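Participant: Sharing a sequence plus its predicted fold:
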Amino acid sequence: MPSFDFSSKVNIDALKNAIDLAGKKIIGRHDFKGTSAKVELNEKEKLITLWGDSEFQLNQIKEILFPAMEGKEPESTKRLDPQKVEPVSGNKAKQVLKLKDGIDSELAKKIVRLIKDAKLKAQASIQGDVVRVSGKKIDELREAITLVRSKITDFPIKDDNYRD
């Protein structure tokens with residue numbers, strides 16, 4: 001029985017490249033000279049930390065970082081969960097952007113519900129942080145892919161791990 005998985009994994013290499021690119025642009029900008037503006041990645045905890053002198057400067061850093069991320073991996077900014085801007089020692093500020101890796105249970109349930117409500121001849125099941133979809137024909141699986149991609153637009157979802 002043919003099957004595939006809906007998944008959403010962070011491409012760490014593309015993210016590192018985007019952060020390095022953004023860091024170089026920050027260093028090269030004249031309005032950031034002599035400031036604490038920088039971007040850091042914590043791979044283990046999947047966090048991006050923005051450092052700046054003010055909330056306005058953090059927003060300028062995002063305007064550099066987000067296009068770099070989108071250029072390396074489309075829709076990658078949709079997986080960011082921005083936290084509150086925190087004041088740091090004096091007049092400095094920082095903001096943490098959490099990376100959502102994998103499909104959380106709420107989104108997985110939504111995907112399964114979409115497929116069931118559409119009355120497709122395909123079954124969807126939640127398996128950890130992926131949703132496995134199986135059916136008797138490949139055309140049924142293609143319909144499920146089209147349906148989910150058209151309905152879920154606020155989070156990057158990939159279809160992979162095809163099996164025949």
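Facilitator: That came through, no problem. Numbering: from 1, shown residues only.

Participant: domain parsing for the protein?
Facilitator: 3-8+102-163, 12-99 (automatic domain parsing).

Participant: Just the endpoints, please. Distance across the first one?
Facilitator: From its first residue to its last, domain 3-8+102-163 covers 5 Å (C-alpha to C-alpha, to the nearest Å).

Participant: Residue 74: helix or strand, and which one exactly?
Facilitator: For residue 74, there is no host helix or strand (DSSP states H and E).

Participant: hmm, back to that, same list, the domains of the chain, but as CSV with mean pLDDT please.
Facilitator: Shown next, in CSV, are the domains of the chain (pLDDT from 0 to 100):
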stretch, mean pLDDT
domain 3-8+102-163, 90
domain 12-99, 92
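
Participant: can you list the ones you listed in CSV and add mean neighbour count?
Facilitator: For glycine as for every other residue, the C-beta is placed from the backbone atoms N, C-alpha and C. Formatted as CSV, these follow (neighbours: other C-beta atoms under 10 Å):
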stretch, mean neighbour count
domain 3-8+102-163, 16
domain 12-99, 15
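
Participant: Wait, residue 137 touches residue 120, no?
Facilitator: No: if you go by C-beta atoms under 8 Å, residue 137 and residue 120 don't touch, sitting 10.7 Å apart.

Participant: Which strand or helix spans residue 94?
Facilitator: Per DSSP H and E: strand 92-99 holds residue 94.

Participant: What helices and strands are in contact with that strand?
Facilitator: Contacts defined by 3 or more C-beta pairs under 8 Å, 6 or more residues apart in numbering; DSSP states H and E place strand 92-99 against strand 47-52, helix 55-72, strand 80-82, strand 86-88.

Participant: mind checking which of the ones you listed is nearest residue 159?
Facilitator: When the helices and strands packed on strand 92-99 are compared by C-beta to C-beta, helix 55-72 sits nearest residue 159, at 20.2 Å.

Participant: picking up where we left off before, of the helices and strands packed on strand 92-99, which is nearest residue 164?
Facilitator: Nearest to residue 164, of these and by C-beta to C-beta, is helix 55-72 at 31.6 Å.
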